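**Student:** Predicted structure and sequence below. I'll ask about it afterward.
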Amino acid sequence: MIDHERLFIGGDWQLSRGDEILAVESPATWETIGHVPLASPLDVDAAVAAARRAFDEGPWPHLTMPERADALAALGKALDPLGPELDRLVPEESGIPVCFQSGSSSFPLIDYYARLGREFRTEELRTGRPGVSGTAIVRHSPCGVVAGIVPWNGPVMQILMKMVPALLAGCTIVVKTAPETPLSAYHLAHAVEAAGLPDGVVSILPGDRDTGAALVEHPGVDRVSFTGSTAAGAEIASRCGGDLRRVNLELGGKSAAIVLEDADLGEALPTAITFALFFNGEACSALTRLLVPRSLYPEVVERTVAHVRQLAVGDPGDPETFIGPLISDRQRSKVEGYIAVAMQEGARLVTGGRRPPGLDRGWYLEPTVFADVDNGMRIAREEVFGPVLSLIPYDGVEDAVRLANDSDLGLAGAIFTSDPAGALDVARRLRTGHVGINCQGQDWVFPFGGFKRSGVGREMGIEGLELYTELQTLALPPGIEPVGAVAGD
């Protein structure tokens with residue numbers, strides 16, 4: 001049992017100003033594995049006030065970016081020894097199988113941003129039009145206090161993807177964890193403390209929807225960074241729009257993987273299936289629509305069924321497990337509802353769709369494949385967020401591109417082919433934020449985010465750092481040059 005009595009607010013461990021306790025349950029066993037205080041709106045006030053002071057009065061935003069990069073490197077060193085414990089704990093609280101190392105696998109993100117911070121030019125000198133204007137310094141200024149709101153799928157990764165670039169930019173941040181997965185966040189808080197980051201720069205609050213609403217609407221917050229469902233993102237964008245608060249949103253997906261006629265099915269299908277069902281299918285970038293040439297369709301259905309039936313379902317702490325339990329009873333019921341609707345609409349269930357025999361405890365569901373799916377069915381249009389794959393036939397590349405783009409969402413996608421270079425022409429026609437060719441291809445170096453209703457802004461890469469800055473122009477009259485070096489030279 002892991003019990004925490006205090007909240008990490010502004011670098012200090014404080015008792016909650018509310019009286020609610022959050023019980024954390026294992027999705028694999030239904031047993032309570034820990035308790036944490038549930039952050040109240042008063043705790044949000046305290047965390048934002050600490051972040052506000054640290055930004056407005058503290059040294060953090062005035063350090064050079066290389067100095068902040070050194071602080072992040074210290075954070076990485078403090079986290080390193082916690083990797084094995086996080087790799088054990090994250091599967092226990094989230095149900096994500098340990099094979100994905102979802103506790104420690106995002107640690108390299110810290111190294112990437114620390115290196116980037118030592119190279120990034122925060123200021124650039126520009127010369128204006130002759131006889132009209134002089135010179136100007138165009139600088140990246142930290143945007144202020146950030147509210148980072150994260151989901152339960154990959155809780156360590158989700159926090160670091162927001163916290164690290166925001167800190168490097170010179171911002172301060174208040175993170176709200178998902179109520180299902182607050183335990184791993186305490187390890188991050190201890191690492192922040194051990195790294196010696198200034199007081200107020202980071203707060204981490206276990207919270208629910210009310211906590212999130214208080215944070216989103218708080219007048220002391222300058223930017224909201226949210227990852228979650230499209231519906232919740234739209235609500236947050238609406239709330240932020242009233243006072244023009246900056247917001248970035250990484251939302252849902254209904255990503256298509258296109259198998260081209262020349263693809264090597266022996267290599268393509270295992271990769272496509274892996275990235276359709278990884279994290280138990282509870283991943284926004286999951287390739288849940290597999291578009292297949294009609295000529296190859298019967299073979300692909302047969303191969304897909306055979307491969308999926310070999311995937312181990314069970315204890316997320318077992319290294320052999322590929323599919324663990326879904327996060328909650330509510331989530332499993334939602335996925336089962338989609339399965340029932342798909343069958344009513346005429347999709348053909350070819351494997352899965354049941355609660356696995358012998359796993360009576362835990363929110364388990366067999367990995368499920370539907371064939372003969374029409375792109376207009378709900379199973380093909382709405383984000384299921386569970387281990388469900390739809391096989392959709394197409395007639396020619398033009399039809400494949402049309403089907404892939406026929407979606408309100410546009411987060412990710414993939415193309416499988418024996419001619420990767422040639423497939424770039426097809427990839428450029430897809431209206432989605434990320435396309436992998438013969439791979440899923442996400443990396444800390446590459447920007448990630450969505451077209452259409454899949455979000456606003458980009459995380460990761462240099463773009464993920466620039467996201468937390470505001471551009472400021474310092475203009476000088478003709479004949480006057482800046483005194484001293486321009487930062488970044």
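**Tutor:** Yep, it's here.
**Student:** which ones are touching Val301?
**Tutor:** Listed by CB atoms under 8 Å, 6 or more residues apart in numbering, the contact set of Val301 reads 350, 369, 371, 391. The C-beta positions use only the backbone N, C-alpha and C, and glycine is treated the same way.
**Student:** burial count for Thr432?
**Tutor:** Thr432 sits with 24 neighbouring residues when counted by other CB atoms under 10 Å.
**Student:** try Asp80
**Tutor:** Summarising burial for Asp80: neighbours were counted as other CB under 10 Å, giving 12.
**Student:** mind checking how far Asn438 is from Arg6?
**Tutor:** In this view, Asn438 and Arg6 are 48 Å apart by CB to CB, to the nearest Å.
**Student:** on that earlier part again, go through the contacts of Val301 and name the one nearest Pro59.
**Tutor:** Distance to Pro59, by CB to CB, is smallest for Val369 among the contacts of Val301, at 55.2 Å.
**Student:** Run through the neighbouring helices and strands of the helix or strand hosting the closest one.
**Tutor:** Under the criterion of DSSP states H and E, Val369 resides in strand 368-371. Helices and strands touching strand 368-371, by 3 or more CB pairs under 8 Å, 6 or more residues apart in numbering; DSSP states H and E, are helix 297-309, strand 348-351, strand 388-394.
**Student:** so after the longest one, what's the next helix or strand?
**Tutor:** So that's helix 297-309. helix 329-344.
**Student:** what helices or strands is that next one leaning on?
**Tutor:** So helix 329-344, by 3+ CB pairs under 8 Å, 6+ apart, packs with strand 348-351, helix 378-381, strand 388-394.
**Student:** need the next SSE after the longest one, C-terminal direction.
**Tutor:** For strand 388-394, the following helix or strand on the C-terminal side (DSSP H and E) is helix 397-405.
**Student:** Would you confirm that Glu459 contacts Tyr468?
**Tutor:** No: Glu459 is beyond contact range of Tyr468, at 10.2 Å (criterion: CB atoms under 8 Å).
**Student:** Need the residues touching each of the two.
**Tutor:** Residues touching both Glu459 and Tyr468 (CB under 8 Å, 6+ apart) are Pro165.
**Student:** Of those two, which one has the most company?
**Tutor:** Neighbour tally, Glu459 and Tyr468, criterion other CB under 10 Å: the higher count belongs to Tyr468, 25 against 21.
**Student:** Report the contact partners of the nearest residue to the more buried one once chain neighbours are set aside.
**Tutor:** Closest residue in space to Tyr468, ignoring its immediate chain neighbours: Ala169 at 3.8 Å, by CB to CB, 6 or more residues apart in numbering. By CB under 8 Å, 6+ apart, the contact list for Ala169 reads 140, 142-143, 465-466, 468-469.
**Student:** Tell me the one of the residues you listed nearest Ile273?
**Tutor:** Nearest member of the contacts of Ala169 to Ile273, counting by CB to CB, is Leu465, at 33.8 Å.
**Student:** can you count the residues close to that closest one?
**Tutor:** Around Leu465 there are 21 residues (other CB under 10 Å).
**Student:** now Gly358
**Tutor:** Neighbour tally, Gly358, other CB under 10 Å: 8.
**Student:** Give me the most central residue, the protein.
**Tutor:** Gln158 (5.0 Å; CA atoms, centre = their mean).
**Student:** Would you confirm that that one belongs to a strand?
**Tutor:** No: per DSSP: H, G, I helix; E, B strand; the rest coil, Gln158 lies outside any strand segment and is helix.
**Student:** more crowded one of Asn438 and Arg6?
**Tutor:** Taking other CB under 10 Å, Asn438 and Arg6 do not tie; Asn438 has more neighbours (19 against 14).
**Student:** and that one, what is it in contact with?
**Tutor:** Counting by CB under 8 Å, 6+ apart, Asn438 makes contact with 267-268, 271, 414-417, 420.
**Student:** for Ala49, same thing?
**Tutor:** Ala49 makes contacts with 10, 220, as judged by CB under 8 Å, 6+ apart.
**Student:** how about the host helix or strand of it: buried residues?
**Tutor:** Assigned by DSSP H and E, Ala49 belongs to helix 41-56. The neighbour-count check on helix 41-56 (16 or more other CB atoms under 10 Å) flags 41, 43-44, 46-55 as buried.
**Student:** which one is Asp262 nearest to, not counting chain neighbours?
**Tutor:** Nearest in space to Asp262, with sequence neighbours left out and distances taken as CB to CB, 6+ apart, is Ser418 at 4.5 Å.
**Student:** Phi first, then psi, for that neighbour.
**Tutor:** phi -90, psi 0 (degrees, to the nearest 10).
**Student:** likewise Ile33?
**Tutor:** The phi/psi pair for Ile33 (degrees, to the nearest 10) reads phi -110, psi -10.
**Student:** What number of residues are in the vicinity of it?
**Tutor:** Look at Ile33: counted by other CB under 10 Å, it has 17 neighbours.
**Student:** for Thr469, same thing?
**Tutor:** Thr469 has 20 neighbouring residues, counting by other CB under 10 Å.
**Student:** OK, contacts around it?
**Tutor:** Counted by CB under 8 Å, 6+ apart, Thr469 has contacts 140-143, 169-170.
**Student:** Could you give the bridge partners of it?
**Tutor:** On the basis of DSSP bridges, Thr469 is bridged to Pro142.
**Student:** Could you do the one 5 residues further on as well?
**Tutor:** Using DSSP bridges, the bridge partners assigned to Leu474 are Ile137.
**Student:** Show the contacting residues for it.
**Tutor:** Applying CB under 8 Å, 6+ apart, the residues near Leu474 are 136-139, 482.
**Student:** and if you look at Glu336?
**Tutor:** Counting by CB under 8 Å, 6+ apart, Glu336 touches Leu365.
**Student:** and it, what pLDDT?
**Tutor:** We have a pLDDT of 98 for Glu336.
**Student:** how much space between it and Val164?
**Tutor:** According to CB to CB, Glu336 stands 37 Å off from Val164.
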